[in-house]
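Student: Could you look at this predicted model? Sequence included:
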Amino acid sequence: MSDTKSGPGYPVPQPYPFEDAPTWPSKVGTPLQPAHPLHSCLGLNSCKGQDRYGAAGPPDGPNPNVPNACAGQGYCSTTADHTCHVLNDCKNQGGCGLYGNAEELNHPGLNACKSLGSCATPINAERFTTTGPNQGKSVWARAREVFEQNWPEIRKNIPDAPEQLGPAPEPFTETGPPYLWISDDNEERGNMTACGASGLSGAGGCS
Amino acid sequence: MSNGSDPLTPLTPSEREMVAELEQLGREEILQQLKDNLQTAIYIELATIPIYLFTYYSINRTATTGEQLDAASRYGNKAGGVIMSVAVEEMLHMSLSSNVLYSLGVQPELYLHSPDPYPTPLPYHNPVGPPGPDGDRKVLIPLSRLGYEQFWHFLQIEYPEKVDAWPEDRDWNTIGQFYSYIRCLISCRQITDEDFQVHGKGTQIQSGNYSVNNVDTLYPDQAFDPWGLPPPVPNDYASGCPAAAVSEYTNKADSHAGAAELITVNSKLTALQAIDTICDQGEGFQHQATDDPSHAEFSHYYKFLRLQAQLERYPDHVEDLAPLPVPPDPILPTVTDAELSEVVASFPDNPRTGSYPENLQALSNLCNGVYQYMLIMTETIFRVPPEEQKLFFNQGMHFSMIWILDKLIQNMRGFELDDGSGNVLAPTFENYDLGPRSDAYASLQALAAAITDPAQKSAIGYIITRINELPDVSPYWDDAC
């Protein structure tokens, strides 16, 4: 257990606050609806079964082996992970917050294409925006807000999409995914990195 | 956050006098002087960037971090954030001067025009200035690691002009006086809005390519908890101390004249706004310590002076500081030289590739090649179709700055020089000749392929992959040298 370790990040909170949540999925599983838009983080999926656990559902947690039930209720991104601005491979892959202009950073998860996205995915809950209208505030909360605002337009292209988004899954409904969960209680810090030299990204440094 | 901007600075009495003198000249001479001085302005802005970056990269910003942040790292991280905040504004200034020049019909030149060798004078700068910490009056700026003396050289660059100073385009004493001369040229009645419409706004560097802050211009004001739980309610930081709660933002959104920080130019007004932004950010708004109406952002001069004022030698300083803005009292907590050494890499002063051990010269050449290729890509922006500019900027400029040059230099400083000095490999920012611009991409790839040492290849292999992914500029320069 982590409580015997010392160094940055230790001791970890006791008991581990996300014991009831499923283990963070380090790989993208096969989605139920493969044709649907990729997305950059927890709570931003546009249909049932579309999240990182895919058709198999999470291996553990409160509902093992049950895929998420609704748009907005997925656990994590379906885009390939990347560490920062312009390193994204596709549309909607930009996590945002750290590098980019004010307009880009105010629309996390809505970039148009490869190399036009900002910052790492997934969007860890600690990440904040460095410039623009959302400066100093949570990137994930802004991403969810942008997703909700754009949902009426997004759902036009998705057969049987619900009118209302479901809430993001517990216990991350309000915050997005914390680094403590992504890193499996600080044990797997390589699960994600984010950019910048100031040490303020809320995740491990990138290269 | 204010959405305002700086009001356009009216001409001073000295500037009005200079305009009257200049208007005695013919229109063509005024126009040619304007073009020549704008290209010089671009060279001056370009000269500052490697100087600031060299010192920036001498800092280990995260020697300790998060909840373990100690006094030395707190200062080092702050110095890094502040220096980077100035460096990005110098890039902004270079872009603004380039847009003004380009609007007049002239392609800005950058490639092979970086200062070389160091220590260097700035173009047309008066070589004699106020005495520094050692009494020396020479204005020669070195590449040097973070330290008390280097801050003096930064202050020499950003030294503020006196109230109603005489405009100067040769032997200028302050950058403000140099730009004041340009402002006078633009203000001459012979110069018209149409002069700034030779090259349209569409192919100038667009506003969206500049960001006021990024994660590198921030610094933590105190220790924080990067590993713990986020606040249960987003943006409510009362319950804990995450990074967001302790971050200081070095640049402010209202420290510019005109519609945005990076503006395009098609008139005398927009040209004057571009020049105003440059002057206010560098020296201060109306001779104050700050550069904006909200008084939220310090000028470059005052940012550096405040960093110097925290060092232990400052209380006894003998350097000749400008009377306005009034120098700050010593800032606490005092940082000692010993503490500084904990966060500063042993960069040699004014290094040159030829002075490095032979086995490390290929790495230094590659770094210089990347630097020069970045300058070519900046020149190329003006040739890229407007609808492709953002993608070119992201895949070229941003990618090379953050994901290639930054990481390359960080890796380089892991190689110790085998000369008994204890120094490490630092960037030299030389004018490495990549050949004609149409051949530069191939030349850069050849420099990457020349890294054959296994330890070096292992360290920077992923960076070489990125270099080979940069956009090839040759199609844009088929018809030019």
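Tutor: Cool, got the structure. Numbers count the residues shown, from 1 in each chain, chains lettered A, B, ... in the order given.
Student: now the chain, which segments are flagged as low pLDDT?
Tutor: In the absence of a named chain, chain A is used. Residues of chain A meeting the criterion pLDDT under 70: A:1-4, A:30-41, A:47, A:77-97, A:111-121, A:194, A:203-207.
Student: that's the other chain; I wanted chain B
Tutor: Looking at chain B by pLDDT under 70, you get B:1-3, B:238-241, B:479-481.
Student: Quick one: residues contacting the residue positioned nearest the centre of it.
Tutor: Closest residue to the average C-alpha location of chain B: B:Ala87 at 2.8 Å, with C-alpha atoms, centre = their mean. Going by C-beta atoms under 8 Å, 6 or more residues apart in numbering or on different chains, B:Ala87 touches B:49, B:52-53, B:56. Yep, even glycine has a C-beta here, placed from its N, CA and C like the rest.
Student: Out of these, flag the one nearest to A:Val12.
Tutor: Lowest distance from A:Val12 to the contacts of B:Ala87 (C-beta to C-beta) belongs to B:Tyr56, with 33.8 Å.
Student: ok, now how distant is the closest one from chain A?
Tutor: Distance, B:Tyr56 to chain A, using C-beta to the nearest C-beta, to the nearest Å: 9 Å.
Student: That residue falls within a helix, correct?
Tutor: Yes: the assignment for B:Tyr56 by DSSP: H, G, I helix; E, B strand; the rest coil puts it in a helix.
Student: any idea which helix is longest in chain A?
Tutor: Longest helix in chain A by number of residues, with DSSP state H as the criterion: helix A:139-155.
Student: how far is it from where the chain is centred?
Tutor: Remark: helix A:139-155 is offset 13 Å from the chain centroid, using C-alpha atoms, centre = their mean, to the nearest Å.
Student: which element follows that helix toward the C-terminus?
Tutor: helix A:179-182 (DSSP states H and E).
Student: quick one: is that following helix near chain B?
Tutor: Yes: Helix A:179-182 comes into contact with chain B (C-beta under 8 Å from any C-beta of the partner chain), by way of A:179-180.
Student: So what touches that helix?
Tutor: A:12-13, A:17-18, A:21, A:24, A:122, A:124-126, A:172, A:186, A:191-192, A:202-203, B:226-229.
Student: Dump that helix to CSV, keeping only the CA atoms.
Tutor: Output in CSV follows, covering the C-alpha atoms of helix A:179-182 (Å, rounded to 0.1, in the frame of the first residue of the first chain):
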residue,chain,number,x,y,z
TYR,A,179,-5.3,12.6,-11.0
LEU,A,180,-5.4,10.4,-7.9
TRP,A,181,-7.9,8.1,-9.6
ILE,A,182,-6.1,8.2,-13.0
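Student: How about it, which residues are buried there?
Tutor: Applying a neighbour-count criterion of 16 or more other C-beta atoms under 10 Å in any protein chain shown, one finds A:179-182 buried in helix A:179-182.
Student: how near is the one residue in the stretch 301-450 of chain B that gets nearest to chain A to A:Cys76?
Tutor: At 4.4 Å from chain A, B:Asn394 is the closest residue in the stretch 301-450 of chain B, using C-beta to the nearest C-beta. Note on B:Asn394: its distance to A:Cys76, by C-beta to C-beta, to the nearest Å, is 25 Å.
Student: for B:Asp225, same thing?
Tutor: B:Asp225 is 23 Å from A:Cys76, by C-beta to C-beta.
Student: Right, I'll call it a day here.
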